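[1] pasting the structure only:
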Ligand code: SF4
């Protein structure tokens, strides 16, 4: 891990287990491990991507590190400028309200994440009012400034969300996340519900805002081609666990985990002359209620050996900053993207 001055947050051994209760007495029968022993860090000013199929635990991880959901176990240490490092999980309710000024979230669905009964102005103002950050005049000024920076026209502030397209709504959602000037934003699949042409505009906006305000992003996505272009480092999740983590270029050119290789082989190449053989993942992602023994990827892995169904692979650093959890990560030569 780089020097502590560069790190914004460290996630240590994070777990979120959901008990499944049955019967009249609500006896716990099974446990769903939505997030299991996840550890990573995010540097100040970088975009860290979390990718994986639906049900891999990436959104739950994003919510846990904002404490929008209580974890079963684990620490999330924030290193905010001008403050001593603190564990988010140990904050009181009152301290948690204060913390909201430093970390916000952009949601996936710009249609359901905005209250249809509130005007655009009230939606953007909500975090300022909830945290009692500014009074009347200053509050109005901040709303106008933030709207302008997020490409939301001032004349739209009196209107309601239904009057806008998906791209405009997502800009309003970004303005709401940014109005408190937080240094850290969790972007939960912010472009996956948008048309491709609008996706590029929103990604450019996020990039411009990051540069202007030195923002740090956790970017959650299932689309690897988006992640490849905007993330500095990437973590790959599967069934609640991190399988691989590296600097983006290194991950895309030299993946060490078979699951990462399979995900990459499915990315359509921009050059039609480049043909790639997609690696077919057999079967669906297993049920998190009954995950496979050993490496949870073994029923779908084309490189699986007998040890894979018995022992859980260790999370190890194979080259500086490149981590993977596979028994054969040091031996396999896997294909990255041919770009
Ligand atoms: Fe495949 Fe085995 Fe590696 Fe798991 S540990 S990814 S099953 S080779």
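    Nice, thanks for sending it over. Note that this is a predicted model, so its numbers are computed, not measured.

[2] From now on I want contacts and neighbour counts done on CA atoms only, so please keep to that.
    Will do.

[3] Leaving aside the residues adjacent along the chain, what's closest to residue 288?
    For residue 288, ignoring the flanking residues on the chain, the nearest one in space by CA to CA, 6 or more residues apart in numbering is residue 32 at 5.6 Å.

[4] Please give the number of neighbouring residues around that neighbour.
    Applying other CA atoms under 10 Å, we find 18 residues neighbouring residue 32.

[5] In which helix or strand does it reside?
    In the assignment (DSSP states H and E), residue 32 maps to strand 27-43.

[6] For that strand, buried residues please.
    32, 33, 34, 35, 36, 37, 38, 39, 40, 41, 42, 43 (16 or more other CA atoms under 10 Å).

[7] So the residue nearest to residue 288 sits against residue 55, correct?
    No - at 11.2 Å, residue 32 does not count as touching residue 55 under the criterion of CA atoms under 8 Å.

[8] picking that back up, from the contact counts, what lies against the strand holding residue 32?
    strand 7-22, helix 58-64, strand 241-247 (3 or more CA pairs under 8 Å, 6 or more residues apart in numbering; DSSP states H and E).

[9] so can I have TSV of the ones you listed showing distance to the ligand and mean pLDDT?
    Shown next, in TSV, are these (distance: least, CA to the nearest ligand atom, whole Å; pLDDT from 0 to 100):
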stretch	distance to the ligand	mean pLDDT
strand 7-22	20	93
helix 58-64	19	96
strand 241-247	8	97
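
[10] Could you identify which of these is most buried?
    Across the helices and strands packed on strand 27-43, the average number of neighbours (mean count of other CA atoms under 10 Å) peaks for strand 241-247, which reaches a mean of 25.

[11] Off-centre distance for that one?
    Centroid separation for strand 241-247 versus its chain: 13 Å, with CA atoms, centre = their mean, to the nearest Å.

[12] Could you give the average pLDDT over the helix or strand that that strand is followed by?
    Downstream of strand 241-247, the first helix or strand assigned by DSSP H and E is helix 248-253. Averaging pLDDT along helix 248-253 gives 94.

[13] How far does helix 248-253 sit from its chain's centre?
    18 Å.

[14] And the nearest residue to residue 63 once chain neighbours are set aside, how close does it get to residue 109?
    Among residues not flanking residue 63 along the chain, residue 69 sits closest, at 5.9 Å (CA to CA, 6+ apart). As judged by CA to CA, to the nearest Å, residue 69 and residue 109 stand 19 Å apart.

[15] near the ligand, which residues of the chain show up?
    257-258, 295, 297-298, 301, 303-305, 308, 313, 326-328 (CA under 6 Å from any ligand atom).

[16] change it to 8 Å
    Applying CA under 8 Å from any ligand atom, one finds that the chain approaches the ligand through 257-259, 294-305, 307-309, 312-313, 325-329.

[17] wait, isn't residue 7 in contact with residue 79?
    Yes - here residue 7 reaches residue 79: they are 6.6 Å apart, a contact under CA under 8 Å.

[18] how about the biggest helix by length in the chain: buried residues?
    Using DSSP state H, we find that the single longest helix of the chain is helix 196-213. For helix 196-213, the buried set under the neighbour-count rule, 16+ other CA under 10 Å, comprises 198, 199, 202, 203, 205, 206, 207, 209, 210.

[19] Dump these into CSV; add pLDDT as well.
    Shown next, in CSV, are the buried residues of helix 196-213 (pLDDT from 0 to 100):
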residue, pLDDT
198, 91
199, 92
202, 94
203, 94
205, 95
206, 96
207, 96
209, 96
210, 97
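
[20] Does anything pack onto the helix or strand containing residue 318? Which helices or strands?
    Taking DSSP H and E as the definition, residue 318 sits inside strand 316-319. With contacts taken as 3+ CA pairs under 8 Å, 6+ apart, strand 316-319 sits against strand 322-324.

[21] Direction included, what does the strand it packs on pair against?
    Looking at strand 322-324 with DSSP bridges, its partner strands are strand 241-247 (antiparallel), strand 316-319 (antiparallel).
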